[in-house]
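**Student:** my questions concern the predicted model and sequence given below.
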Amino acid sequence: DDDADEVTEEERRALIKQRLKDRNDDLEFPDEVNVDETLLLKDRFQRYRSLKSFRKSHWDPKENLPEEYASIYHFASYRATRGDALRDARDLREAGRDSSWGHWYGRGGGGGGADKKDEDATMEGASDDDNDDEDDMEGCVPCGSYVSLTLEGVSPASYSRLLRNGSETATATAPPSLLAAVSLLPHENKASVLHFGLSHTKSCELSPDADGNSDPALDPVKSKDALAFRCGWRTWKSRPVFSQNNLNSDKHKYERYLPTNGAHVAASAYGPVTYGPCPVLMFRDREDGGGRKNAMTTTTTTTATRRDRRQLVAVGSVLGADADRIVVKRIVLTGYPVRVHKRHATVKYMFYNPEDVKWFKPAGLTTKHGLRGNIVESVGDHGTMKCLFNAPIKQHDTVCLPLYKRVYPKYAREGEGGTKLTVL
């Protein structure tokens, strides 16, 4: 169970082996699922739908959104907003160079007499522009100047921790912590769904020893694991979902595990708005591979110890911030033809109840040999069905029913970085 808060050492190794087995099964049989014969699949997969075409079928990005989407920022156009923010920052920097603060920005002076006369001649004509630049610089501070900042709402515990250099225990020789203040561009104080282009590092490949045991820090990275992101100068924890970055479609296929074959993958996570280009590092704690607490480790650790336990699992850059990006999870129900006649086939072992056959009758079927078909009718009381395909079907073919649903990232739970977004 990935949601287990505390597990023993034996349970932890069993979870890692099970995760490795599931990852290998997913590589060998992509998206195929095993179903319980006693369950009604129309209830088990009621949130899934069938698509005629993954690339062309319409999917409303505002349909059935989770509650978390009500508290995040939605961009009408991330590219346009990013361009405006960077353009305003560039204009402000140029205004500082052209204003009376020019000497703070390294604007040269000290020319000859002729240069002095040229400057005097152009000074009067540029007075209006200088006034506009001064208006743009209102509320700004020149580069290189010393200022005093006052922070409000700092708790005594946080203040005393700063004096101890972030450690849990006081030491006489520990210097006070160094604080860094960074200015934000417009909307960078808001939270949204960020998307990163990542590729794995060699350290997240699993290499079990002779006894079949493995380092818990090296097991596969799964979607919705609690992971730490270092994006620019900010660090936070979230539970991302991995997906393919399809350029010719508005839908992107969900990946259950971080690929370890050198392929690039997109990660979607809740985080503070950050404009690219910006590098991203993705870490996970070394307690175990699934972001779960380990009962064998202590709960009280210093900041330095927590940093030492972090393992770098992926590197990449920011792709953008778009809450309307659709990540779709795909599952495949499989059945086998027990009797074939040209384009007709009797299929078993996909369903075990005639109600499920009637429920999924409008959905289209495919086969692993590239045929397309549909369900004609149910036969008997055990989920057997008659199907019709667009070409003669072979006895050794496999009939597939692909279903899709949209998935979303999650916030890190309390104890993993907070139930809401917390920038460290």
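**Tutor:** Ah, there it is.
**Student:** burial of residue 183, as a residue count?
**Tutor:** When neighbours are defined as other Cβ atoms under 10 Å, residue 183 has 8 of them. Backbone N, C-alpha and C define where each C-beta goes, glycine included.
**Student:** quickly find the element holding it.
**Tutor:** Counting by DSSP states H and E, no helix or strand carries residue 183.
**Student:** show me which positions of stretch 69-79 end up buried.
**Tutor:** Across stretch 69-79, burial judged by 16 or more other Cβ atoms under 10 Å covers 72, 74, 75, 78.
**Student:** can you tell me what sits against it?
**Tutor:** 81, 187, 190-193, 270, 273, 320-324, 408 (Cβ atoms under 8 Å, 6 or more residues apart in numbering).
**Student:** could you dump these into CSV with neighbour count and distance to residue 97 added?
**Tutor:** Putting the contacts of stretch 69-79 into CSV (neighbours: other Cβ atoms under 10 Å; distance: Cβ to Cβ, whole Å) gives the following:
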residue, neighbour count, distance to residue 97
81, 18, 25
187, 19, 25
190, 15, 30
191, 19, 34
192, 22, 32
193, 27, 37
270, 26, 38
273, 25, 27
320, 19, 30
321, 28, 30
322, 18, 34
323, 20, 37
324, 15, 39
408, 15, 45
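**Student:** so which of those residues comes closest to residue 342?
**Tutor:** Comparing those against residue 342 with Cβ to Cβ places residue 408 closest, at 44.5 Å.
**Student:** distance check, the closest residue to that closest one other than its chain neighbours against residue 365.
**Tutor:** Distance criterion Cβ to Cβ, 6 or more residues apart in numbering; nearest residue to residue 408, sequence neighbours excluded, is residue 66 at 5.4 Å. Distance, residue 66 to residue 365, using Cβ to Cβ, to the nearest Å: 31 Å.
**Student:** in the stretch 151-300 of the chain, which spans are strands?
**Tutor:** Here the stretch 151-300 of the chain has its strands, by DSSP state E, counting those that start in this stretch, at 191-200, 227-231, 234-239, 241-243, 251-255, 265-272, 279-285, 293-294.
**Student:** between the ones you listed, which one is nearest to residue 158?
**Tutor:** When the strands of the stretch 151-300 of the chain are compared by Cβ to Cβ, strand 234-239 sits nearest residue 158, at 16.6 Å.
**Student:** among the strands of the stretch 151-300 of the chain, which comes closest to residue 334?
**Tutor:** That would be strand 251-255 among the strands of the stretch 151-300 of the chain, by Cβ to Cβ, at 18.3 Å.
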